[in-house]
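A.B. asks: need a 3D model of the following:
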Amino acid sequence: MAEEPKELTVFTAASLTGAFGEIGQMYKNETNVSVAFNFDGTQALRTQLDNGAYSDVFASANKKQMNAVKNDGLMNNSSIVIFTKNKL
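C.D. replies: Residues are numbered from 1 along each chain as shown. Model prediction:
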């Protein structure tokens, strides 16, 4: 049987810091799995992924960068879901 993860790595747009911080704490409380966040601009996160960085979750703030990561084969494309929208 595979060992359960102790930590998830989440790359997410800086504009989602507040919401994801709360979600991460709720997830840890429910599962006892920590969440390590990398909050940055979506293009910067994409560049990190392009350069070999690892993330369990990538939450993009725009479709352009999500599509670029998808087209570069850097993620499980069947896992892509629009789960929220935000605007300035």
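A.B. asks: pull the number of nearby residues for Lys64.
C.D. replies: Per other CB atoms under 10 Å, the neighbour tally for Lys64 reads 11. Using the backbone N, CA and C atoms, a C-beta is placed for each residue, glycine as well.
A.B. asks: contacts made by the helix or strand hosting it with the rest, please.
C.D. replies: Using DSSP states H and E, the element containing Lys64 is helix 63-71. With CB atoms under 8 Å, 6 or more residues apart in numbering as the test, helix 63-71 has contacts from Thr42, Gln43, Leu45, Arg46, Leu49, Phe58, Ser60, Met75, Asn77, Ile80.
A.B. asks: tell me where the model's unsure across this protein.
C.D. replies: For the chain, applying pLDDT under 70 flags the ranges 1-5, 86-88.
A.B. asks: assign a three-state SS to the residue most central in space within it, would you?
C.D. replies: Nearest to the geometric centre of the chain sits Phe58, at 2.5 Å (CA atoms, centre = their mean). Counting by DSSP: H, G, I helix; E, B strand; the rest coil, the backbone at Phe58 sits in strand.
A.B. asks: nearest residue to it other than its sequence neighbours?
C.D. replies: Excluding its sequence neighbours, the residue lying closest to Phe58 (CB to CB, 6 or more residues apart in numbering) is Phe11, at 4.9 Å.
A.B. asks: report the two of the contacts of helix 63-71 separated the most.
C.D. replies: Maximum pairwise distance among those (CB to CB): 19.7 Å, between Gln43 and Asn77.
A.B. asks: of the two, who's got more company?
C.D. replies: Gln43 (15 against 10).
A.B. asks: list the contacts of that one.
C.D. replies: Gln65.
A.B. asks: can I have the helix or strand hosting it written out in PDB, keeping just the CAs?
C.D. replies: Secondary structure assigned from DSSP H and E places Gln43 in helix 42-50. The C-alpha coordinates for helix 42-50 follow below in PDB (Å, rounded to 0.1, in the frame of the first residue of the first chain):
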ATOM      1  CA  THR A  42       1.000  33.000 -12.500                       C
ATOM      2  CA  GLN A  43       3.700  33.600 -15.200                       C
ATOM      3  CA  ALA A  44       6.400  33.200 -12.600                       C
ATOM      4  CA  LEU A  45       4.900  30.000 -11.400                       C
ATOM      5  CA  ARG A  46       4.700  28.700 -15.000                       C
ATOM      6  CA  THR A  47       8.400  29.600 -15.500                       C
ATOM      7  CA  GLN A  48       9.300  27.600 -12.300                       C
ATOM      8  CA  LEU A  49       7.300  24.600 -13.600                       C
ATOM      9  CA  ASP A  50       9.000  24.900 -17.000                       C
END
